[in-house]
Each structure stands twice: as structure tokens, then as C-alpha cells.
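this is the structure alone, sequence omitted:
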DNA sequence: TTTGCTCTTGGGAGCGCTCCCAAATATCCG
DNA sequence: CGGATATTTGGGAGCGCTCCCAAGAGCAAA
């Protein structure tokens, strides 16, 4: 039952291999009753086409890869990535694609994985989570002939397909919100240095301040690295500067920052207001509910898959970019609403 | 350069297709200088064998699947799963396997995904995250001829390969720890009903109490579902019963429970002690650092892959089980150590 | 030199599909 | 009703590899 081939089905249905193939692949030009007959045989036998054979003959595997380079170590600490992965998985489900996951753990992995990814006949294309500078793997992938879509704005965007949210605009909106609420000393906690997300969110923060006629105070900019702890420590550094509001480049860091604020015996938003980024589920359940930038994360994943699909079928010129918009979700931590407690 | 075949390499090296194949696959019986010559051609041309062709000819794809059934919705809210996925990915990297991910989002997905998984020629085997009752997908997979390893104790373990941690023993240890510390009214917050993890952890809790000569008080057992919020609500239910300690079946729920305790104006561990389960990174960074059961999660993933590999190469009889042990990590929330603040 | 062995090498067959072209059949219209 | 055209069907070739068997090479012992 498992070992049936096209030819077997053909024999049982009294038609040729080609006809069965047409039925399986929904090609037109098969008469209605022949199609019915074949379909019935397929149904009763439980025939499944052999994927390896199909891939070989059609030069198409319907497999795409999701590559998480070593620089994306926050896959495990930041809920953003599991959500994104889920979105991508949904995108694959919708497009009859199978998703394979390449998590680069170490330098040795990197060297073993690259050949595996680029082996012909395995993947139709890859999605690369990137936006980190000097990422050798990403660069190799871009240069290769494999259809590639970068998730996150790459540093060299020349001729590269990518999808990203408009981080500059989002950070600007978030910061402007704090400005409008009348905060005077607005600080920021940045993400991991050397990544485009970090740069863009910082840029948006600066633009908002500058546009409102303020100076950028470097003392109000603290470096984090997208982890809870880094948010905590960054906030501890910030506290002596007496900020009255903070824009954190991720919810996880905002949560760490709030912990630091509480530990210092201060209140949110009373003493320090807080705005995060991502809108992960945690944001709605922290002690003081977090005002944050909502990313359309499932849609993000789905669109990434669709973009890749497009590149696979239509070639990669011209390079395509998709920039998604975000939304500011106002909860308690910014002080715009009275906290409920 | 991408389109090279075995035959091309053979021609350039002045040998036959078979010989090149032997070199590529590290078979013995190739003379040293021929091997060197072929290797050199491969190196300079950048030849990569075509995976689809190899799969078709060898009936082996070196692709394994990780299936997350619909019941595992906590993939996105509980950091446990990303970690496990990472462990599995490492296992694959070590064994020259490629991992493909099947996340079932909806009922329709379920029906579309199963055929995709069971298609011949695609996967050599699957890892199924399960331990949920009445999981149709899991049952079908077990019945299929595809080598399958269940992650988590399945309800019908007859003839089924699985890997799990010893949840009963771990929960027992955690509860006994609270007993030893002299707590009198020890409550528990359970996981999602109908899953073996939930049952086993509850069982361990009960065993510990019974062994110490206590009665099981159903009022001290609150149902959660492995999310932060559910821990919060479960704790709110528990609070009127005045427990002096709580064993939560996951760190995320423990964190929610602590939030409820703080909201009620009580302290941890002063008023209520807390022990969690999983030892996710969050556990070490909560306001009051969490005493919890550490799971060897990366090793878990790696061993799951190795078990599957074993089943693939040696067949699935007899069924194999791996049960891993856990470790209790004592921090602040249980009151064994003086909290630092 | 011949025989018998081992080690190395080459080539045929085949994995199960798709794709193309040609043959067979149906359909249309003057 | 015949010829032109459209639709349906069949079969060959080929995708790039592995696996098997047989032929060739090399060598030692008789």
C-alpha cells in the first residue's frame, strides 16, 4: 500500500501513467469520467506521489528553508521569534510548502550548514533572519543562485529581496507619543549593536526628538541586547540620569527595565513611563500593562513566504522589498491612561 | 557551476561516475591517488550532489519532521518549546539531518498537513510533540509505517517509541522540598488538562504528599493551562484557601501566580512560597528568583533525534523509551535561601 | 608462466516522477 | 459528409543519483 507508483495506479484504472500524473496534478485536458475513475483508484489505494521522484523530475521540491544565523541567539529568549516562525509556518501551510529550519548554533555549525542549505535539489528558496552586520552566511546566501528573502532590512540592500517592518517610523511614533504626553527626559534602551533593527529604532527615536526641537542626549541612550537582563542593567545605568520616560527597543527589555525601576523603589508610569516594542503576549500581562508597538507578526511571516514564492517563480530581478506598518498600542505604562490599580 | 552532475565530475577527473560516487560517499576501495584527484575536481568546481536524485535512488532523504499538533498551542507563549526546538535542531546538525517543521494551526491545517508528512520520499521519520489525549494526528502517525518518536509520554505507550523526562519523580522532588521546608498547606497549579505532562506532575505532587502522610486537599489543586494568565487566575482561586506554598507545573504559570500574589499584597516566599517547573531563563530573572525543576532540554532534543535515527536505521521493534532525569534548582522563591532584598 | 586471489574501476539498470511530442479521438463548420 | 481543428491519451526520454555485477589490474604463490 505504501509502495504504489503512478504506473500501478495507471494499470488499475486502465489508463496511462501520464493520465494519472495529469489527474494528480490537476492539469486540464482530462475527460471527466477518466478523471473520476482515476481519482477513485487513488482514493481507495491511498496512493501518494513520491516526493523525491517528483523533485528530481520537476526540479522543484516545494521545500523552503528558514535560516537563523548565529547572530540570532535571541531566538530562545525573545518570544518574537517563535511567533515569527509560526507566521512563516502558516504561510507555508497555505502555499503547500514545507518549511525546514536551520538554526546555526556554533561556528562549526555554520560551516556544516551552508553546504546543506545550498545543495541543489533540496530547497527551492530560503528565508534568512538577518539584519546583522558582517553575517557571512547571509552574504553567501545572497550571492548564491538560490532564491533568497531576507527578513529584516539587510545592510547592503542592493539587489536583495527583503521584508521588514518600518522600524524607523514605528520608533518615531512611539517616541512622539511620549513627547505628546509631556515627558521631558525621554531615554531609550537600544537592541543589540550592529543590527539594523537596533539602528532603525534608535534612528526613529532620534528623529522624533529632533523634530520636536530637542537635543539628543547621549546619556539617555543605553545599550541593551534584546534580553530581559540587558534591559534591567540598561535601566540601572539610566536611572541616575533621571529619565521620566523610556522607549525600549523590545518588550522583553522593557520588562527588564521595569523590574529595575521597581527594584529602585520607583513606579511606572508615575516616576518613569515606559514604551516597548513588539507587543508580545507578555506585554499585556506585566504588572503594569505595557504600551508598545504592535508588529503584524503573523502577517509578516505569511508575507515573507509569499514574497519568497514570488521570487522562486518569477526570478529575483527586480529585487523586491516589503515594508509593513505597525501600530502603537496604548496601555498603562506610558501614563496616557490611568492605571487601573 | 550549479548544474554539474556526477558524470561531469567523472569526465573531468577521467574516471567513471561510480568512482566519483564512491568518493563523495566516503566508500572504501578507492585508490588514494584517484580519490585525491576526484576530490580536487570536486573542490575546484564546487560540486554538490543533487539531493532529490540521491533521495530517489537511495530511498533516504535525511530529512526528519518535527510535528507540533494543534494541541500544542503554547508553542508561542511558553519558552519551553523554542528551547526544545533548538535542541532538536542541534541534534540534526550533529547527525547531518535536515529538520522540517510542521506547525498545525487549525483543523484545516491538520487535514492538509498529514498527507504532506506521510508522503513517501519526503521524510525519513518524524518527531511528534504530544502527550495530549485524543490527538488524531499523533495516532495516525503512530499507525503509519513512518518511523515515529513521540516527545512526551503518550497515552497509549504500547509499541510506541517515546522520550520524556521523569515528570512524576521531578514533581515529587519539588513537592518534597516544600514539605521539608515545613510548609503545611501546599497547593499546586496544574497544566492543561488531558495531557500526560499535567497528569504526571500532578501525580508526583500527590505522591509526595501521601508519602509524608498527608491528605490530598482538592481545594488546593487549581487548574491552569501553561500560560502566564492561567497561572494568575489559578492563584487567585487558590488565595482564599490560604496556601503557604505552591508547586506550579510550569515557570510561566509560576510567574503568573507570583503576579497574583503580589497583586494581593502578599510576599514570596514570606507569605506564599513558590516552586516552578522547566527552568526557563525567565526563572532566574523574576523579581523573586524562582526555585524550579531544571529540565535537560537541549540534551532532550539531541537524544530525541538520536532515538529517531536509531528507529530509522534499525526498525521500530522493540519499541524504545528514554526517560531523562531532572534537577531541582533552589533559588529564592521557596524560602530555603534568604532572599537577597 | 600460470593460477587464484584481492582490490579497484566501469557501466547497466533502475528509483518514480514530469515533460514533450505524437497518435488517437472528438468536435465543429461549411 | 469531409476536412480542419481542438481535445484527450499514450509512451519515450530523461532528471542525477545509488547499487550491483562484472571486468580489469595487481600481486603472490606454485
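Thanks, I have it. Nothing here was measured: the structure is a model prediction, and the numbers come from that model. Numbering: from 1, shown residues only, chains lettered A, B, ... in the order given.

point me to the helix or strand that includes the most centrally placed residue in chain A.
Centroid-nearest residue in chain A, with CA atoms, centre = their mean: residue A:84, separated by 4.4 Å. Per DSSP states H and E: residue A:84 is located in helix A:80-94.

quick one: name whatever helix or strand follows that helix.
Per DSSP H and E, the first helix or strand lying C-terminal to helix A:80-94 is strand A:98-103.

returning to that earlier point: I'd say the residue nearest to the centre of chain A and residue A:300 touch.
Yes: when contacts are counted by CB atoms under 8 Å, residue A:84 is listed as touching residue A:300 (6.5 Å). All C-beta spots, glycine's among them, are computed from the backbone N, C-alpha and C.

stretch A:280-298 near chain B anywhere?
Yes: residues of stretch A:280-298 contacting chain B under CB under 8 Å from any CB of the partner chain: A:281-282, A:285, A:287.

give the buried residues for that stretch.
The neighbour-count check on stretch A:280-298 (16 or more other CB atoms under 10 Å in any protein chain shown) flags A:280, A:282-283, A:285-298 as buried.

now residue A:167. Nearest residue, chain neighbours left out?
Spatial nearest neighbour of residue A:167, chain neighbours left out: residue A:200 (3.6 Å); criterion: CB to CB, 6 or more residues apart in numbering or on different chains.

what's in contact with the helix or strand of chain A with the lowest mean pLDDT?
Least confident element among the helices and strands of chain A, by mean pLDDT, DSSP states H and E: helix A:136-143 (a mean of 85). Helix A:136-143 has contacts (CB atoms under 8 Å, 6 or more residues apart in numbering or on different chains) with A:67, A:69-70, A:104, A:110, A:113-114, A:117-118, A:126, A:128, A:130, A:132, A:148, A:150, A:154, A:160.

just these that are near chain B?
Among the contacts of helix A:136-143, the residues that sit close to chain B (CB under 8 Å from any CB) are A:113, A:118.

which members of the contacts of helix A:136-143 are positioned in helices?
Using DSSP state H, A:110, A:113-114, A:117-118 are the members of the contacts of helix A:136-143 that sit in helices.

tell me which of those has the lowest pLDDT.
Checking pLDDT across those, the minimum falls on residue A:110 at 84.

look up how far residue A:111 lies from the nearest residue to it once chain neighbours are set aside.
Distance criterion CB to CB, 6+ apart; nearest residue to residue A:110, sequence neighbours excluded, is residue A:104 at 5.2 Å. Per CB to CB, to the nearest Å, residue A:104 is found 10 Å from residue A:111.

neighbour-wise, which of these two wins?
residue A:104 (23 against 12; other CB atoms under 10 Å in any protein chain shown).

contact partners for residue A:334?
Counting by CB under 8 Å, 6+ apart, residue A:334 touches A:177-178, A:181, A:245, A:269, A:273-275, A:291.

check the nearest residue to it once chain neighbours are set aside and give its pLDDT.
What sits nearest to residue A:334 in space, not counting adjacent residues and going by CB to CB, 6+ apart, is residue A:291, at 3.8 Å. Note for residue A:291: predicted pLDDT of 97.

distance of residue A:291 from residue A:298?
21 Å.

what residues does chain A put near DNA strand D?
A:14-19, A:22, A:28-31, A:34, A:53, A:56-57, A:121 (CB under 7 Å from any atom of the strand).

filter these down to the ones near chain B?
A:53, A:56, A:121.

which ones among those residues map onto helices?
Per DSSP H, helices hold the following members of these: A:53, A:56.

of all the ones next to chain B among the residues of chain A next to DNA strand D, the one with the weakest confidence?
Among those, residue A:121 has the lowest pLDDT, at 88.

residues in contact with that one?
Residues near residue A:121 by CB under 8 Å, 6+ apart: A:55-56, A:59, A:61, B:50-54.

again, only this time at 10 Å
Counting by CB atoms under 10 Å, 6 or more residues apart in numbering or on different chains, residue A:121 makes contact with A:52, A:55-56, A:59-61, A:63, B:48-56.

drop anything exposed from these.
Buried, going by 16+ other CB under 10 Å: A:52, A:55-56, A:61, A:63, B:48-56, out of the contacts of residue A:121.

before we move on, back to that, please indicate which of the contacts of helix A:136-143 are buried?
Neighbour counting by 16+ other CB under 10 Å classes A:67, A:69-70, A:104, A:110, A:113-114, A:117-118, A:126, A:128, A:130, A:132, A:148, A:150, A:154, A:160 among these as buried.

output the below-cut-off pLDDT ranges for the stretch 51-200 of chain A.
Low-confidence regions of the stretch 51-200 of chain A, defined by pLDDT under 70, span residues A:71-76, A:131.

next, count neighbours for the closest residue to DNA strand D within it.
Closest residue of the stretch 51-200 of chain A to DNA strand D, CB to the nearest atom of the strand: residue A:57 (3.7 Å). Applying other CB under 10 Å, we find 12 residues neighbouring residue A:57.

ok so, going back, which of the contacts of residue A:121 lies closest to residue A:211?
In terms of CB to CB, no member of the contacts of residue A:121 lies closer to residue A:211 than residue A:63, at 46.4 Å.

isn't that closest one right up against residue A:125?
Yes: Residue A:63 lies in contact with residue A:125 (CB atoms under 10 Å); the separation is 8.9 Å.

identify the contacts common to the two.
Common contacts of residue A:63 and residue A:125 (CB under 10 Å, 6+ apart): residue A:97.

ramachandran coordinates for the nearest residue to residue A:27 once chain neighbours are set aside?
Distances taken as CB to CB, 6+ apart place residue A:21 nearest to residue A:27, at 7.9 Å, with adjacent residues excluded. Main-chain torsions, residue A:21, degrees, to the nearest 10: phi -60, psi -40.

need the contact list for residue A:21.
Residue A:21 neighbours (CB under 10 Å, 6+ apart): A:6, A:9-10, A:27, A:30, A:38, A:49, A:54, A:57.

can you check the pLDDT for it?
Among the per-residue scores, residue A:21 shows a pLDDT of 94.

just residue A:2 next, same as before
Per-residue pLDDT puts residue A:2 at 56.

same check on the one 4 residues further on?
According to the per-residue confidence, residue A:6 scores 92 in pLDDT.

how far away is it from DNA strand C?
Counting by CB to the nearest atom of the strand, to the nearest Å, the gap from residue A:6 to DNA strand C is 3 Å.

thank you, goodbye.
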